[in-house]
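Visitor: please work out how this folds:
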Amino acid sequence: MTAVSGGPVVTLPMSVGSFAAQVWTDHATKVEHLSVSSPIPAPDSLPALVRLHSECLTGDVFGSYRCDCGEQLEHALALIGEQGGTVIYLRGQEGRGIGLANKLKAYALQESGWDTVEANEQLGLPVDARDYQIAAEILRQLGLTRIRLLSNNPLKSERLIHHGIDVETMVSSEVPSRAENHKYLQTKRDRLSHRFSRLADHPIQQS
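Guide: The predicted structure is shown next:
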């Protein structure tokens, strides 16, 4: 039996287009993940555009400005709705893999002055506990072994390559910073090597 198996494919109409949605069950952990794929073919025989999106309840559902997760997801769906490709929504990866309760504990430490890396370290937790083996298996089952990765995080690319996925290039998923998440994004750039080309030294106020 494979590590992950897919359920039936259903149509998921959204404001940015109609997508094919499929649930994928990790047999080891019983965690269910979701892929949403646009029917639009990649242009000029380019590899498919793929976003691996780690679950973020606070950002994705409640629209928290402490991170850029919700806005990155919106950006990814809009871009893939236009260009084709797939978003794989990885559940069980809250807070870069430390879980919701620990993420909020880390938030409390950040409110005391620690940055996002230091807060995890103060809790005795990994800075980034995520592994993308299941994501790589889902991509293989979708026939997506050569991709353009929609991400700012080079570690994500490295781990996918380690698991046998050919990441031909990375496509920026950068969204504008806010006063509430500017330090967080600076830390991801300066300490986690995330690629931000438009991140200013000071936050840009948004209406």
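
Visitor: make it CA atoms for all contacts and neighbour counts henceforth
Guide: OK.

Visitor: chain center to stretch 170-184: distance?
Guide: The chain centroid and the centroid of stretch 170-184 are separated by 13 Å under CA atoms, centre = their mean, to the nearest Å.

Visitor: need the residues that contact it.
Guide: 65-68, 71-72, 75-76, 115-116, 148-152, 157, 185, 195-196, 198-199, 202-206 (CA atoms under 8 Å, 6 or more residues apart in numbering).

Visitor: swap in stretch 46-59?
Guide: 41-42, 64-71, 73, 76, 80, 83-96, 100, 135, 144, 146-151, 168.

Visitor: can you give me the end-to-end span of it?
Guide: 31 Å (CA to CA, to the nearest Å).

Visitor: would you mark the buried spots in that stretch?
Guide: 47-59 (16 or more other CA atoms under 10 Å).

Visitor: before we move on, the earlier item: among the contacts of stretch 170-184, which lie within helices?
Guide: Among those, the residues falling in helices (DSSP state H) are 71-72, 75-76, 116, 157, 185.

Visitor: now do the same end-to-end measure for stretch 151-168.
Guide: Across stretch 151-168, first to last residue, CA to CA, it's 13 Å.

Visitor: same thing with stretch 49-64?
Guide: 26 Å.

Visitor: tell me who's in contact with Lys103.
Guide: Here Lys103 is in contact with 94-95 (criterion: CA under 8 Å, 6+ apart).

Visitor: avg pLDDT for stretch 21-41?
Guide: The average pLDDT within stretch 21-41 is 95.

Visitor: re the thing from before, pull out the buried residues from the contacts of stretch 170-184.
Guide: For the contacts of stretch 170-184, a neighbour count by 16+ other CA under 10 Å gives the buried set as 65-68, 71-72, 75-76, 115-116, 148-152, 157, 185, 195-196, 199.

Visitor: hang on, the earlier thing: among the buried residues of stretch 46-59, which are in strands?
Guide: Among the buried residues of stretch 46-59, the members found in strands (DSSP state E) are 48-54.

Visitor: for Ile134, which three-state class applies?
Guide: Here Ile134 is recorded as helix under DSSP: H, G, I helix; E, B strand; the rest coil.

Visitor: how much space separates it from Gly143?
Guide: 14 Å.
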